[in-house]
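*Asks:* Take a look and give me a structure for this.
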Amino acid sequence: QVQLVESGGGMVQAGDSLRVSCAVSGSALSSFAMGWFRQAPDKEREFVAAIGRSGTTTLYADSVKGRFTISRDNAKNTVYLQMNSLKPEDTAVYYCAASYTVYASRSTEYNFWGRGTQVTVSS
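*Replies:* Numbering: from 1, shown residues only. Below is the predicted model of the structure:
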């Protein structure tokens, strides 16, 4: 059974950096394209970033481009989201997701989801 577990969330101030991680178990990470999504209170879940199986291709939402970096370590079965220059509007629960098919911005492309980790950015 494939499981995704996010960690590394917390409360930071605007301008700070934070790295969240997603540990995958039950299957090799190299089997999946991976994505990060987030959901703020009273808002729909939105795409943040995605990465292909080898790590050479990435995709970002316009709102985080230049500030966030997605990466993966297939040997450690872990995906990361490095978040720099954080803003209060980045406050959300961050979810990682795994796709058997393609790295994409559409949540419907993803087969497995973690339970999320809270990131709170104060002004």
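*Asks:* Over to the residue most central in space within the chain. Which of the three states is it?
*Replies:* Nearest residue to the geometric centre of the chain (C-alpha atoms, centre = their mean): residue 36, 2.6 Å. Classification of residue 36 using DSSP: H, G, I helix; E, B strand; the rest coil returns strand.
*Asks:* So what's the residue count around the nearest residue in space to it that is not next to it in sequence?
*Replies:* Nearest non-adjacent residue to residue 36, counting by C-beta to C-beta, 6 or more residues apart in numbering: residue 48, 4.3 Å away. For glycine as for every other residue, the C-beta is placed from the backbone atoms N, C-alpha and C. Residues near residue 48, counting by other C-beta atoms under 10 Å, number 24.
*Asks:* what's downstream of whichever strand or helix holds residue 48, the next helix or strand?
*Replies:* In this assignment (DSSP states H and E), residue 48 forms part of strand 46-51. The helix or strand immediately downstream of strand 46-51 is strand 58-60, counting by DSSP H and E.
*Asks:* from the chain's centre, how far out does that following strand sit?
*Replies:* Centroid separation for strand 58-60 versus its chain: 11 Å, with C-alpha atoms, centre = their mean, to the nearest Å.
*Asks:* Point out the other helices and strands that that strand packs with.
*Replies:* Applying 3 or more C-beta pairs under 8 Å, 6 or more residues apart in numbering; DSSP states H and E, one finds that strand 58-60 contacts strand 46-51, strand 68-73.
*Asks:* got a list of contacts for it?
*Replies:* By C-beta atoms under 8 Å, 6 or more residues apart in numbering, the list of residues contacting strand 58-60 from outside reads 48-52, 68, 70, 103-105.
*Asks:* show me where pLDDT drops low in the chain?
*Replies:* Low-confidence segments of the chain (pLDDT under 70): none present.
*Asks:* What are the boundaries of the strands in the chain?
*Replies:* When secondary structure is read from DSSP state E, the chain shows strands at 3-7, 10-13, 18-25, 33-39, 46-51, 58-60, 68-73, 78-83, 92-99, 112-113, 117-122.
*Asks:* Who are the packing partners of the second one?
*Replies:* Just to be clear, that refers to strand 10-13. On the basis of 3+ C-beta pairs under 8 Å, 6+ apart, strand 10-13 makes packing contacts with strand 117-122.
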